[in-house]
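Peer 1: predicted model follows, preceded by the sequence.
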Amino acid sequence: MDTILLLLVTGIGLGAVYFLVASGLSLIYGLMGVLNFAHGAFLTLGALIGWETARVMGADSWGGFALSLLVGCLVGALLAALTEFVLIRPLYERHIEQVLVTVGLNLAAIALFEGIWGTDPVFIQGPTWMGMTTNILGAQVPNHLFITILIAGLVLAGMVLFLKRTRYGMIIRAGVENRSMVTALGIDVRRAFTLVFTIGGAAAGIGGVLASHYFGYVSPLLGGSLLIFAFIVTVIGGLGSLAGAAVASVLVGVLQQFANYFWSIGDFVVVILLAVVLLTRPSGLMGRKVATA
Amino acid sequence: MGTTAQRTPVPVPAGGTDPAPVLSVRNLKASIGGQQVVEDVTFSVPATGITALLGRNGVGKTSSIKAILGLIQRDAGTVDLEGQPIQALPTHRIVQRGVGYVPEDREVFAGLSVAENLRLSERDDHPRRELVEALFPDLVKRAQQAAGSLSGGQQQMVSLARALMNENRVLLVDEPTKGLAPKIVGEVADALEEAAKTVPILLVEQNLAVVRQLAGGAIVLSDGRVVHTTESATSFLDDDILVTRHLGVGTGPAHEGA
């Protein structure tokens, strides 16, 4: 029972990290039709600079941890906004080129990060409490998981409020459904493009800092390994659906933990789940039917 | 924006001549995915009343409207709105200049509520909510309902309401009665007639009874070109030879009252 509970909480924690990556991917694809392969770079840079910040401030202090989250968030947002503005925007409506440029940026970014920080993972630590465990019904649950789940929940709530309550949120929801009709109402939808990139990058930057605590290290390759699963989560949840990304993140994270523990086939099970979803519900758990242009 | 008295319709000039069209399209060519769908279209839309854009299926009526709005690739030609060229502007700027659009198949945002659909269309601080609510009282009752859950006729009302929410120079309305029940067709036609009192409309319409009820002039397209222009849609529709030649009534889907 305590093992089940521990697997469940670590699975949800992993799902929380996936969500922070997948939410941005899903919104960006849903609105712009761009699969953003550079999303992992946003996460990695957020994690690396977040860790540098924490180290300067004192890695075991809460202030250092909080500031690393803030810096990771800002770095991710800034890099994402810059990417959209400099690389994606000039290729407006040329989706294949847009995807290729994100692939290129991702490769270049990894090479740059390796040049600066080296190829080896750097093991990190946070406030002492985060390294300890809490006993819940006999399960020794690592404390950093609570933080990760809490923050991912806050990000989800913030995104939902933004999408539901603000005019730009409304433009994004409408644009995910039918982008050309948004422009035909006299709205410059490209401003929303920069916005979803910025929001997605901010979430990925936060995700990078939390992922480095989840795995216990930062590395230039951190983003790449998470990106694959985030893509899978995005497809399972339904491209463009934030709720779908949230549900699929937790589903994939938990399933992966259980399959890994009992049969050591976590990654395999995720791919099987992806195949099953694609065969039975090609538009994903909560995706819309492919919109007619 | 200088003249604020634009709301009251300009009286039709005596003799039927049209001094200043609101929209002039000259030698417009447009393509979708490399395929030319508008060959060479030239016409103008008078500054008052409803002008019908007619033709068989697939002759380029919808494509012409989309090309005017920049929703498809424009390859050549000019489009003037009240004398100002707009063919180089992106879609949202054209719409901001006062070109309202009611697309074929309505294209409401299904996941957004009726109220959100309408709020999204408000371009400035003076949305004409009262006018829209008076025209479509049904939408007020359904404000919180998801637009995707509405009937086809109600969705058409949302689509029309979105275009009427702003003070436009001209409306481009594409097949507003397509696929609607006969009773709803009448309601949509009445709403358009009411709207035409304040703004000129270019109307693509297959239902010829609706054309008779609403349209003043008519422009007829065939194979991506204008083949006939008239100041009286009714006299065109009364001419069996012209109608058979250009609209193919009796063989095509353009049956009167279909």
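Peer 2: Nice, I can see it. Numbering: from 1, shown residues only, chains lettered A, B, ... in the order given.

Peer 1: got the residue ranges for the helices in the chain?
Peer 2: No chain specified, so I'll use chain A. A:2-32, A:39-57, A:62-83, A:95-117, A:128-131, A:143-165, A:167-177, A:179-183, A:189-215, A:222-237, A:242-263, A:266-280 (DSSP state H).

Peer 1: please refer instead to chain B.
Peer 2: B:61-69, B:91-96, B:114-121, B:129-135, B:137-141, B:152-164, B:182-195, B:208-214, B:233-238, B:240-247.

Peer 1: now do the fourth one: which elements does it pack against?
Peer 2: Okay, so that is helix B:129-135. For helix B:129-135, the packing partners by 3 or more Cβ pairs under 8 Å, 6 or more residues apart in numbering or on different chains; DSSP states H and E come out as helix B:137-141, helix B:152-164, helix B:182-195. No exception for glycine: its C-beta is placed from N, CA and C like everyone else's.

Peer 1: which among those helices is found nearest to A:W117?
Peer 2: helix B:152-164 (51.4 Å; Cβ to Cβ).

Peer 1: run through the bridge partners of B:R225.
Peer 2: B:D40, B:S222 (DSSP bridges).

Peer 1: mind listing what it touches?
Peer 2: With contact set as Cβ atoms under 8 Å, 6 or more residues apart in numbering or on different chains, B:R225 has these partners: B:E39, B:D40, B:V41.

Peer 1: next one, pLDDT for it please.
Peer 2: Looking at B:R225, its pLDDT reads 82.

Peer 1: before we move on, what about B:Q6?
Peer 2: pLDDT at B:Q6 comes out at 44.

Peer 1: for the one 5 residues further on, same thing?
Peer 2: pLDDT for B:P11: 45.

Peer 1: spatially nearest residue to A:T128 (excluding sequence neighbours)?
Peer 2: Closest residue to A:T128 in three dimensions, ignoring its sequence neighbours and counting by Cβ to Cβ, 6 or more residues apart in numbering or on different chains: A:D60, at 5.7 Å.

Peer 1: surely that neighbour meets A:M130?
Peer 2: No. Using Cβ atoms under 8 Å, A:D60 is not in contact with A:M130; the gap is 9.1 Å.

Peer 1: which one's more surrounded, these two?
Peer 2: Legend: neighbour count by other Cβ atoms under 10 Å in any protein chain shown for A:D60 and A:M130, higher for A:M130 (18 against 15).

Peer 1: close to chain A: what parts of the stretch 51-200 of chain B are there?
Peer 2: Residues of the stretch 51-200 of chain B that fall close to chain A, judged by Cβ under 8 Å from any Cβ of the partner chain: B:69, B:71, B:90-92, B:95-96, B:101, B:103, B:107, B:109-112, B:116, B:119-121, B:123, B:162, B:166.

Peer 1: got a list of what the residue lying closest to A:G200 once chain neighbours are set aside touches?
Peer 2: In space, and not counting its chain neighbours, A:G200 is closest to A:G24: 2.2 Å by Cβ to Cβ, 6+ apart. Each residue near A:G24 by Cβ under 8 Å, 6+ apart is listed here: A:N36, A:H39, A:F42, A:A80, A:V196, A:F197, A:I199, A:G200, A:G201, A:A203, A:A204.

Peer 1: surely the last one meets A:L78?
Peer 2: Yep, that's A:A204 we're talking about. No. Between A:A204 and A:L78 there is no contact, the gap being 11.7 Å when judged by Cβ under 8 Å.

Peer 1: just the buried residues out of the residues of the stretch 51-200 of chain B next to chain A, in PyMOL syntax.
Peer 2: Filtering those down to the buried ones (16 or more other Cβ atoms under 10 Å in any protein chain shown) takes a single PyMOL command:
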select buried, chain B and resi 69+71+91+92+95+96+101+103+107+109+110+112+116+119+120+121+123+162+166
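
Peer 1: show the pLDDT at whatever residue of chain B ends up closest to chain A.
Peer 2: Residue of chain B nearest chain A, by Cβ to the nearest Cβ: B:V95 (3.6 Å). B:V95 is assigned 93 on the pLDDT scale.

Peer 1: which residue packs closest to it, ignoring adjacent ones?
Peer 2: Sequence neighbours aside, A:G186 is the residue nearest to B:V95 in space, at 3.6 Å (criterion: Cβ to Cβ, 6+ apart).

Peer 1: who are the neighbours in contact with the residue of chain A found nearest chain B?
Peer 2: Taking Cβ to the nearest Cβ, chain B has its nearest neighbour within chain A at A:G186, 3.6 Å off. By Cβ under 8 Å, 6+ apart, the contact set of A:G186 is B:H92, B:V95, B:Q96, B:S121, B:R123, B:N166.

Peer 1: pull out the buried positions in the one helix or strand in chain A whose mean pLDDT sits lowest.
Peer 2: Scoring the helices and strands of chain A by mean pLDDT, DSSP states H and E places helix A:128-131 at the bottom, with a mean of 82. Neighbour-count burial for helix A:128-131, with 16+ other Cβ under 10 Å as criterion, is recorded at A:M130.

Peer 1: elements contacting that helix?
Peer 2: Using 3+ Cβ pairs under 8 Å, 6+ apart, the elements in contact with helix A:128-131 are helix A:143-165.

Peer 1: now do the helix it packs on, average pLDDT.
Peer 2: Rounded mean pLDDT across helix A:143-165 is 93.

Peer 1: and that helix, what's buried?
Peer 2: For helix A:143-165, by 16+ other Cβ under 10 Å, it's A:143-149, A:151-152, A:155-156, A:159, A:163.

Peer 1: could you pull up the mean pLDDT of stretch B:135-152?
Peer 2: So the average pLDDT for stretch B:135-152 ends up being 89.

Peer 1: surely A:L67 meets A:G58?
Peer 2: No. In this structure A:L67 lies outside contact range of A:G58 using Cβ under 8 Å: 10.0 Å.
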